[in-house]
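Visitor: Okay, predicted coordinates and the sequence, questions at the end:
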Amino acid sequence: MIKFYSPASIGNVGVGFDVLGAAIAPIDGSFLGDIVTISPSKTFQLINKGMFSNQLPIKTNNNIVWKCWKYFCSLLKKNLPITIILEKNLPIGSGLGSSACSVVASITAMNAHFENPIKKTELLLLMGKLEGKISGSIHYDNVAPCFLGGLQLIINKNNIICQKLPIFKNWLWIIAWPGIKIATSEARTMLPMQYSKEICIEHSRYLAGFVHALYTKQPSLASQLMNDVIAEPYRIKLLPNFLKIREETKKIGAIGCGISGSGPTIFVISDNLNTAKKIKTWLNKNYLQTKKGFIHICKIDTLGTRQIG
Ligand SMILES: Nc1ncnc2c1ncn2[C@@H]1O[C@H](COP(=O)(O)OP(=O)(O)OP(=O)(O)O)[C@@H](O)[C@H]1O
Ligand SMILES: N[C@@H](CCO)C(=O)O
């Protein structure tokens with residue numbers, strides 16, 4: 001039996017639509033991500049467990065984990081009898097890279113179980129392809145950090161998928177999922193097909209400036225540059241009171257606030273634990289919409305996907 005854990009991730013990270021992604025871990029040490037366990041068996045079986053398993057497709061062959069298993073069957077040219085347990089701990093359509101988490105945990109666990117038929121360099125390409133089938137287009141900003149950990153800049157050129165960026169160790173990422181769902185594919189169709197030259201220049205200034213600020217260790221400059229001119233203006237209408245939330249959390253002491261992936265999860269950044277706790281309390285009262293919603297104070301998960309059993 002082998003067991004792999006894959007962490008939740010923040011796609012876009014406010015300033016890098018489709019090209020920045022960060023893996024996150026709650027500071028209380030709890031797991032915020034999917035867990036996949038594989039053991040040999042006589043026939044194929046997929047068992048769904050976990051807090052959000054009731055959100056998974058009813059039909060097994062609509063589960064992305066089944067599609068990952070099918071991929072291995074075609075690769076190894078046989079019907080592979082294994083039992084897979086998926087612990088679905090991330091809500092679907094949350095903006096936390098839920099489908100990416102299932103893809104990365106399953107592919108990594110199956111590759112280990114079948115003694116690594118897929119080379120490490122090819123794994124990420126495959127994960128991107130599988131995740132792309134679900135969300136409507138290939139974007140690596142969830143699968144890359146989920147697999148490798150850290151803050152990743154997506155390059156996707158000549159088989160170089162991503163590069164790890166430095167990030168301020170004292171930044172805390174308060175993530176709040178209000179308990180409602182937004183399908184990534186729909187949130188992507190809301191975006192314009194074309195952008196003006198001015199917007200392209202503004203986006204380049206922010207993203208290049210942000211990366212520069214990371215490398216030159218200027219947290220204040222970095223946080224000022226975390227502006228999203230590509231997706232946020234078109235997606236805020238999907239999020240309950242987003243602009244008010246940004247304003248109010250800033251008053252409490254937040255140094256940044258943005259949409260996690262395609263939402264509805266938002267992230268708020270603080271460089272101080274006391275402030276982070278105050279923001280958490282405020283968001284708890286003002287952002288959650290259903291009893292299922294949650295808030296976690298997180299740090300960057302530097303480990304990415306790992307074997308836990
Ligand atoms: N194991 C799985 N985990 C998550 N989604 C799955 C899984 N298997 C199939 N799906 C389907 O994939 C789709 C995922 O949709 P979507 O990309 O919007 O969610 P997401 O990955 O949770 O998004 P986000 O990246 O914003 O968290 C849903 O239609 C869901 O039913
Ligand atoms: N970059 C993707 C992430 C989806 O979680 C988007 O914003 O559509």
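Guide: Great, that's in hand. Ligands and ions are numbered 1, 2, ... in the order given.
Visitor: which stretches of the stretch 101-250 of the chain form helices?
Guide: Per DSSP state H, counting those that start in this stretch, the stretch 101-250 of the chain carries helices over the ranges 120-135, 143-148, 184-189, 197-215, 219-224, 232-235, 242-252.
Visitor: What is whichever strand or helix holds Ala22 packed up against?
Guide: Ala22 belongs to strand 20-26 when assigned by DSSP states H and E. With contacts defined as 3 or more Cβ pairs under 8 Å, 6 or more residues apart in numbering; DSSP states H and E, strand 20-26 has these neighbours: strand 2-7, strand 9-11, helix 143-148, strand 151-157, strand 172-177, strand 294-300. Quick note: C-beta positions are derived from backbone N, CA and C, even for glycine.
Visitor: follow-up on the earlier one: kindly compare burial across the helices of the stretch 101-250 of the chain and name the winner.
Guide: Highest mean neighbour count of the helices of the stretch 101-250 of the chain: helix 143-148, a mean of 31 (counted as mean count of other Cβ atoms under 10 Å).
Visitor: Only alpha carbons, please: show it as PDB.
Guide: Extracted C-alpha coordinates of helix 143-148, given in PDB (Å, rounded to 0.1, in the frame of the first residue of the first chain):
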ATOM      1  CA  VAL A 143      -0.600  21.300 -11.100                       C
ATOM      2  CA  ALA A 144       3.000  22.700 -11.000                       C
ATOM      3  CA  PRO A 145       3.000  24.000  -7.400                       C
ATOM      4  CA  CYS A 146       0.800  21.100  -6.300                       C
ATOM      5  CA  PHE A 147       3.400  18.700  -7.600                       C
ATOM      6  CA  LEU A 148       6.600  20.600  -6.800                       C
END
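Visitor: and it, how far from the chain's centre?
Guide: Centroid separation for helix 143-148 versus its chain: 8 Å, with Cα atoms, centre = their mean, to the nearest Å.
Visitor: sorry, back to before: out of the helices of the stretch 101-250 of the chain, which gets nearest to Leu46?
Guide: Smallest distance to Leu46 across these (Cβ to Cβ): 15.4 Å, for helix 120-135.
Visitor: neighbouring contacts of that closest one?
Guide: For helix 120-135, the surrounding residues in contact (Cβ atoms under 8 Å, 6 or more residues apart in numbering) are 64, 67-68, 71, 99-100, 103-104, 107-108, 111, 118, 138-140, 142-144, 147-148, 159, 161-162, 184-185, 188.
Visitor: from these, which would you call buried?
Guide: Buried members of the contacts of helix 120-135, scored by 16 or more other Cβ atoms under 10 Å, are 64, 67-68, 71, 99-100, 103-104, 107-108, 111, 118, 138-140, 142-144, 147-148, 161-162, 184, 188.
Visitor: can you list the domain ranges for the protein.
Guide: Following automatic domain parsing, one gets these domains for the chain: 2-166+303-307, 172-298.
Visitor: got the residues of the protein near ligand 1?
Guide: The chain comes close to ligand 1 at residues 56-57, 62-65, 92-100, 102, 134-135, 142, 183-184, 261-262, as judged by Cβ under 6 Å from any ligand atom.
Visitor: circling back to that earlier point, out of the helices and strands packed on strand 20-26, the one nearest Val268 is which?
Guide: strand 172-177 (4.5 Å).
Visitor: For ligand 1, what is the nearest residue in the stretch 201-309 of the chain?
Guide: Gly261 (4.3 Å; Cβ to the nearest ligand atom).
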